[in-house]
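Colleague: everything below, folded, please.
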Amino acid sequence: MQKEVVIDLLRKNDPHALRPVSGGRCLYNISKRTLDFSLALLMLIILSPLMALAAILIKLDSPGPIFFKQDRVGVKRRRYDHINLLAENHFLLLQVPYDGVRC
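Modeller: Here you go, the predicted structure:
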């Protein structure tokens, strides 16, 4: 009963949501996956020196770990580990001093 209600709601909101994937979409999906993977790999290679420099600066500036790890809940309540650089006040050049005077 519940599945029928969900399927009916899907059909009402988006008639193409339950349509089977055609053979022409298969080539599109493969090429999109390949392009996504290659661009992500390229950006990882390009940005890895910048990420390494940020990690070194964080380690020199503050004691403790470089990375912050947190459990998060994603799609369909799947748990995953979110890992982030632990950078709080490390970009002091971007902070504008406030002297109490407003324009």
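Colleague: which SSE is immediately downstream of the lowest-mean-pLDDT helix or strand in the chain?
Modeller: Across the helices and strands of the chain, mean pLDDT, DSSP states H and E gives its lowest value to helix 2-13, namely a mean of 64. Toward the C-terminus, helix 2-13 is succeeded by helix 23-61 as the next helix or strand (DSSP states H and E).
Colleague: show me what that next one is packed against.
Modeller: Helix 23-61 makes packing contacts with strand 79-85 when contacts are defined by 3 or more CB pairs under 8 Å, 6 or more residues apart in numbering; DSSP states H and E. C-beta coordinates here come from the backbone N, C-alpha and C atoms, glycine included.
Colleague: in its sheet, what does the strand it packs on sit against?
Modeller: Sheet pairing of strand 79-85 (DSSP bridges) gives strand 67-73 (antiparallel).
Colleague: contacts for the strand it pairs with?
Modeller: By CB atoms under 8 Å, 6 or more residues apart in numbering, the residues outside strand 67-73 that reach it are 79, 80, 81, 82, 83, 84, 85, 86.
Colleague: what ranges of this protein fall below the confidence cut-off?
Modeller: Across the chain, the ranges flagged by pLDDT under 70 are 1-11, 13-24, 87-103.
Colleague: let's see 50
Modeller: When residues are selected by pLDDT under 50, those of the chain lie in 90, 92-98, 101-103.
Colleague: got JSON lines for the contacts of strand 67-73, with neighbour count too?
Modeller: Converted to JSON lines, these look like this (neighbours: other CB atoms under 10 Å):
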{"residue": "79", "neighbour count": "8"}
{"residue": "80", "neighbour count": "11"}
{"residue": "81", "neighbour count": "8"}
{"residue": "82", "neighbour count": "10"}
{"residue": "83", "neighbour count": "9"}
{"residue": "84", "neighbour count": "9"}
{"residue": "85", "neighbour count": "13"}
{"residue": "86", "neighbour count": "15"}
